[in-house]
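1. 3D model of this:
(2 chains)
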Amino acid sequence: MQDVFFYIFAAMTLLCGALVVANPVSRSPVTSAMFLVLTIISLAGLFVLLHAFFLAAVQVLVYAGAVIVLFLFVIMLLDLKEEERRRIRLVMAVPAVLAVGTIAAIMVRTIRLAYSAGAPAAGPVEGSPVALGRLLFTGFALPFELVSLLLLVAMIGAILLSRKDLR
Amino acid sequence: MNTIGLSHYLIVSALLFCIGLLGVIVRRNVLIIYMSLELMLNAGNLALVAASRFSNNLNTALNGQIMVFFVITVAAAEVAVGLALIVALYRRRQTTHVEDLTTLKF
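-> Reported below is the predicted structural model:
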């Protein structure tokens, strides 16, 4: 049963990820953003299969809820019409596909070779909010505080950058 | 019995990373390049969560998930700043097309 779900979610992740990058029907950024939401949600499904329940929830909340909404907001704000007319140039696309395809082949081959002798069994951990929260406030307290500083810096930066009289 | 192992998840992660990389290289719209960057970050997250799941050391196994937690936070901050940059850029140049942004080109 879990295997079936893995293949469904994995196929959905890769298919929607490919449609974010290259959609044969529509070249609008809004379509890409919508397929990004689907990718994120199927990734959250994979996280659930990996017993990372809290991260699956955070993934949906932060990515699908905040990041994509921000993307859509900016896309609507910019009102891009002429972008859709431009075509991907074949001269650049073919070597790019070849190069990335080679990288993909190397990575997949390496992973297959590394675990050909037998993959490790699933461990006993569960990514419950309690376990993650305890770890965040004990072992990872300093990085946690630093992240709050990073968020403050990002907030000030975003406010500063979106000023009208930016020079 | 569950036959899906670590390598399956790592292969999905590698392929997703390559899709994102391809998007960064091929697409010319800054917004879509940003979305491809998010795809690559998510591929890394998937690899980290899978490694955390298939680790047998009870003391350190959750570290991967904590890492993903931080990556998600940093990605959210990055998107906020990046989109503010794109909006500022669009105000000055009226474009989100990277081929029109050649001021820094040598």
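
2. Which secondary structure elements does the lengthiest helix in chain B sit against?
-> Counting residues, the longest helix found in chain B (DSSP state H) is helix B:63-93. Judged by 3 or more C-beta pairs under 8 Å, 6 or more residues apart in numbering or on different chains; DSSP states H and E, the packing partners of helix B:63-93 are helix A:53-58, helix A:68-78, helix A:129-137, helix A:141-161, helix B:30-53. C-betas here are computed from N, CA, C, even on glycine.

3. which stretches of chain A have low pLDDT?
-> A:81-88, A:119, A:166-167 (pLDDT under 70).

4. Identify the single longest helix in it, thanks.
-> Ranked by residue count under DSSP H, the longest helix found in chain A is helix A:90-114.

5. for chain B, which spans come out with low pLDDT?
-> B:1-2.

6. I figured residue A:14 was touching residue B:15, is that so?
-> Yes: judged on C-beta atoms under 8 Å, residue A:14 makes contact with residue B:15 at a distance of 5.6 Å.

7. ok so, going back, now the longest helix of chain B against helix A:68-78, angle please.
-> In terms of direction (axes from the mean of the first three to the mean of the last three C-alpha atoms, to 10 degrees), helix B:63-93 departs from helix A:68-78 by 10 degrees.

8. and helix B:63-93, how far out from the chain's middle?
-> Distance, stretch centre to chain centre, for helix B:63-93: 10 Å (C-alpha atoms, centre = their mean, to the nearest Å).

9. tell me the angle that helix makes with helix A:129-137.
-> Using the same axes, to 10 degrees: helix B:63-93 against helix A:129-137 is 70 degrees.

10. Grab the nearest non-local neighbour of the residue minimising distance to the centre of chain A.
-> With distances taken as C-alpha atoms, centre = their mean, the residue of chain A nearest its centroid is residue A:40 (5.9 Å). Spatially, and ignoring its direct neighbours in sequence, residue A:40 is nearest to residue A:63 (4.4 Å; C-beta to C-beta, 6 or more residues apart in numbering or on different chains).

11. Can you give me every residue that contacts the one you found?
-> A:40, B:38, B:42, B:72, B:75 (C-beta atoms under 8 Å, 6 or more residues apart in numbering or on different chains).

12. ditto for residue B:66
-> Counting by C-beta under 8 Å, 6+ apart, residue B:66 touches A:132, A:135-136, A:140.

13. which one is the spatially most central residue of chain B nearest to, not counting chain neighbours?
-> Nearest residue to the geometric centre of chain B (C-alpha atoms, centre = their mean): residue B:41, 2.2 Å. Counting by C-beta to C-beta, 6+ apart, residue B:41 lies nearest to residue B:75, which is 5.0 Å off, once chain neighbours are set aside.

14. tell me the contacts of the one you found?
-> Here residue B:75 is in contact with A:63, A:67, B:38, B:41 (C-beta under 8 Å, 6+ apart).

15. and the third one, how many neighbours does it have?
-> Spelled out, that is residue B:38. Using other C-beta atoms under 10 Å in any protein chain shown, residue B:38 has 22 neighbouring residues.

16. That one against residue A:37, yeah?
-> No: in this structure residue B:38 lies outside contact range of residue A:37 using C-beta under 8 Å: 10.9 Å.

17. circling back: tabulate the contacts of residue B:75 (a markdown table), appending distance to residue A:73.
-> Below are the contacts of residue B:75 laid out as a markdown table (distance: C-beta to C-beta, whole Å):
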| residue | distance to residue A:73 |
| --- | --- |
| A:63 | 15 |
| A:67 | 11 |
| B:38 | 15 |
| B:41 | 20 |
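
18. Which member of those is positioned nearest residue A:108?
-> Ranking these by separation from residue A:108, with C-beta to C-beta as the measure, puts residue B:41 on top at 20.0 Å.

19. unless I'm mixing things up, that closest one is touching residue B:71, no?
-> Yes: counting by C-beta under 8 Å, residue B:41 does reach residue B:71; the two are 6.2 Å apart.
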